[in-house]
Every structure is written in C-alpha cells, then in structure tokens.
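Undergrad: show me the folded form of this:
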Amino acid sequence: MDPGKLNDPISYNEAISSDQSSEWNKAMIDELESMKKNDVWDLVELPNGVKPVGCKWVFKTKLDPNGNVERYKARLVAKGYTQKEGIDYQETFSPVSRKDSLRIVMALVAHFDLELHQMDVKTAFLNGDLDEDVYMKQPEGFKPEVVPQV
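TA: Next up, the predicted model:
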C-alpha cells in the first residue's frame, strides 16, 4: 500500500462510511473495551449544573516497515481545549521526556555497552489518577450494549 495514498478518516461519519468501516468499528470497540477494562469510565446521568467535556474519535492507520497495513487504531480523546482554567480545572501536568534526557541515556548505553529496550504502554493515559470527577459527552456512535461489562 502506498503511504502517500493513505487517508485516515477525520470524523466518525467518515470512518463508518469508508471501505474500511468494519476495521474502524473494531478499533473503536477495542478502545472502549480498554477503557472499560481499566475502569476509566462509568455511564451516568449528568448532574445538574455540570458542563460535560466533548470528545472525538481520532483514527490512524498503522503501517509496518514495508508500508503494509499493520492495524487500525482509534483513540477517544477529550476536547480539553473547551475548558477554562480555574473554572473547569485547576492545574495540568503532562510528563514528557526531553531530547537531552534521551541523548544522555543513549550515550550511557553506548559507553557501557548496555542493551536498551523500548516499549510503549498502549493505554498509558488510562493509568493516571484524578482527584475530581470529569464528565464527558458520549462519543458519536456510542452503543453501551456493544461494550461488554468487564
């Protein structure tokens, strides 16, 4: 497959009306199952006076080194940019590594002839703890009966 011709959907409607709709649907169900398994959300009634955060699906086709489709990935992301500091949240924190830190680690690995393994935690963002409740609108196309009770 030519990566230059790959067009990932930019909306839920585009994903479900594409030729790969069954793959995108499986990817969305997988994302919701991961969230349920990690006890990230509960389906509840919205309390009075609470403004829910919006959300949207983000779709990405993952390719192997030869340019073949490896998997279809769907992520449900909160539209945090609609919130106002001091009203909807008090503080933010996003741990990221700096390039300098990575370079130092790589230099130490090379100097001491060590082995270095890289890993990716698929649901890393699901493993954080929040002190407050966050209410989010249901994602487009959400069907509670499709996500099994884990």
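Undergrad: pull out the buried positions in the longest helix seen in the chain.
TA: In the chain, ranked by residue count with DSSP state H as the criterion, the top helix is helix 21-37. Residues of helix 21-37 classed as buried: 23-25, 27-28, 31-32, 34-36 (neighbour count, 16 or more other CB atoms under 10 Å). C-beta coordinates here come from the backbone N, C-alpha and C atoms, glycine included.
Undergrad: quick one: mean pLDDT over that helix.
TA: What helix 21-37 shows for mean pLDDT is 91.
Undergrad: toward the C-terminus, what is the element adjacent to it?
TA: Later in the chain than helix 21-37, the nearest helix or strand by DSSP states H and E is strand 55-63.
Undergrad: ok, back up a step: and the longest helix of the chain, how far from the chain's centre?
TA: 11 Å (CA atoms, centre = their mean, to the nearest Å).
Undergrad: name the helices or strands packed onto it?
TA: If you count contacts as 3 or more CB pairs under 8 Å, 6 or more residues apart in numbering; DSSP states H and E, helix 21-37 packs onto helix 12-16, strand 55-63, strand 69-78.
Undergrad: tabulate the ones you listed in a markdown table, adding columns for mean neighbour count.
TA: Supplementary listing: the helices and strands packed on helix 21-37 in a markdown table, determined by neighbours: other CB atoms under 10 Å:
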| stretch | mean neighbour count |
| --- | --- |
| helix 12-16 | 17 |
| strand 55-63 | 16 |
| strand 69-78 | 16 |
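Undergrad: which one of the ones you listed lies closest to residue 97?
TA: strand 69-78 (20.5 Å; CB to CB).
Undergrad: list of residues touching that closest one?
TA: Applying CB atoms under 8 Å, 6 or more residues apart in numbering, the contact partners of strand 69-78 are 1, 15, 20, 23-24, 26-28, 30-32, 35, 53-64, 134, 136, 139.
Undergrad: what's the angle between it and helix 21-37?
TA: For strand 69-78 against helix 21-37, the angle by axes from the mean of the first three to the mean of the last three CA atoms, to 10 degrees is 50 degrees.
Undergrad: which residues sit against stretch 133-140?
TA: Stretch 133-140 has contacts (CB under 8 Å, 6+ apart) with 12-13, 28, 41, 43-44, 46-47, 50-57, 76, 78.
Undergrad: with that, I have no additional questions.
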